[in-house]
Structure formats: structure tokens, C-alpha cells
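**Student:** everything below, folded, please.
(one chain, ligands or ions: 2)
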Amino acid sequence: MSFQDKSLQCADCGESFTFSADEQELFESRGYTNDPKRCSSCRQARKSERHGNGSYVNSTPRQMFPATCAECGKDTEVPFEPRTGRPVYCSDCYRKVRLSR
Ligand SMILES: [Zn+2]
Ligand SMILES: [Zn+2]
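**Tutor:** Numbering: from 1, shown residues only. Ligands and ions are numbered 1, 2, ... in the order given. The predicted model follows:
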């Protein structure tokens with residue numbers, strides 16, 4: 001059995017793309033019966049969307065959690081989820097506490 005390259009139109013960007021014989025074989029071996037609806041770059045884009053912010057992960061700010069400083073009682077934010085029983089310090093006190101130990 002042999003496959004032939006097919007020209008398909010992407011449902012997302014409207015560009016025509018080649019559904020190559022190799023890919024068709026791969027598709028069939030995985031049990032897919034429908035032709036792909038999107039070109040490979042749009043498929044990639046959709047894949048990375050599902051993983052959050054795609055390739056811009058590094059530029060997203062870290063999630064901060066509200067906390068109360070165990071030393072001075074000031075409201076602060078910490079880059080990790082504060083756990084009960086573990087003191088959380090604001091950045092000033094954190095520096096002091098670290099130095100004093
Ligand atoms: Zn596309
Ligand atoms: Zn403090």
C-alpha cells in the first residue's frame with residue numbers, strides 16, 4: 001500500500017499545506033481516519049497553548065502568595081505558598097533572619 005502527498009487547507013490560517021505520504025502512514029498507524037485540519041505550525045501553536053502560555057513562559061511574572069511577616073507583622077508576598085507552621089518573612093526581615101542564623 002502506498003500513500004501520496006496530499007494538499008490540504010489549514011482550518012486556522014487558511015494556508016495550504018502538504019499532508020505527506022509519511023504523515024498519512026503515521027496517521028493510519030495511529031488509527032486516525034480523518035485528514036488533519038491544520039498545518040503543522042498551527043498544530044504546534046495549539047499544542048503549546050494547552051501548556052499555558054506557550055513559549056512566553058519566561059516572561060510571565062512569578063505567582064506571588066499573600067502572607068504576613070512572622071517578624072514584623074507586615075503584609076508581604078512570597079513566591080511560594082505559605083504553609084502553616086512555617087514562618088514567612090517579608091524581604092527585610094528575611095534578610096535579618098538569615099544573617100542572624
Ligand atoms: Zn495553519
Ligand atoms: Zn517583616
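**Student:** quick check: closest non-adjacent residue to C13.
**Tutor:** Distance criterion Cβ to Cβ, 6 or more residues apart in numbering; nearest residue to C13, sequence neighbours excluded, is C42 at 5.6 Å. C-beta here means a position set from N, CA and C on the backbone, and glycine is covered the same way.
**Student:** can you tell if the helix or strand containing the one you found touches ligand 1?
**Tutor:** In this assignment (DSSP states H and E), C42 forms part of helix 40-50. Yes - using Cβ under 5 Å from the ion, we find that helix 40-50 touches ligand 1 at C42.
**Student:** which is the succeeding secondary structure element to that helix?
**Tutor:** strand 65-68.
**Student:** now for the lowest-mean-pLDDT helix or strand in the chain, which elements pack on it?
**Tutor:** Using mean pLDDT, DSSP states H and E, helix 40-50 stands out as the lowest-scoring helix or strand of the chain, at a mean of 86. Helices and strands touching helix 40-50, by 3 or more Cβ pairs under 8 Å, 6 or more residues apart in numbering; DSSP states H and E: there are none.
**Student:** what's the offset of it from the middle of its chain?
**Tutor:** Computed by Cα atoms, centre = their mean, to the nearest Å, the chain-centroid distance of helix 40-50 equals 11 Å.
**Student:** can I get the CA coordinates of the helix holding C42 in CSV?
**Tutor:** Extracted in CSV, the C-alpha atoms of helix 40-50 (Å, rounded to 0.1, in the frame of the first residue of the first chain):
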residue,chain,number,x,y,z
SER,A,40,1.9,21.7,11.3
SER,A,41,2.7,25.2,12.6
CYS,A,42,-0.9,25.8,13.7
ARG,A,43,-0.9,22.3,15.3
GLN,A,44,2.3,23.3,17.2
ALA,A,45,0.7,26.6,18.3
ARG,A,46,-2.4,24.8,19.6
LYS,A,47,-0.3,22.3,21.4
SER,A,48,1.7,24.9,23.2
GLU,A,49,-1.4,26.8,24.1
ARG,A,50,-2.6,23.9,26.1
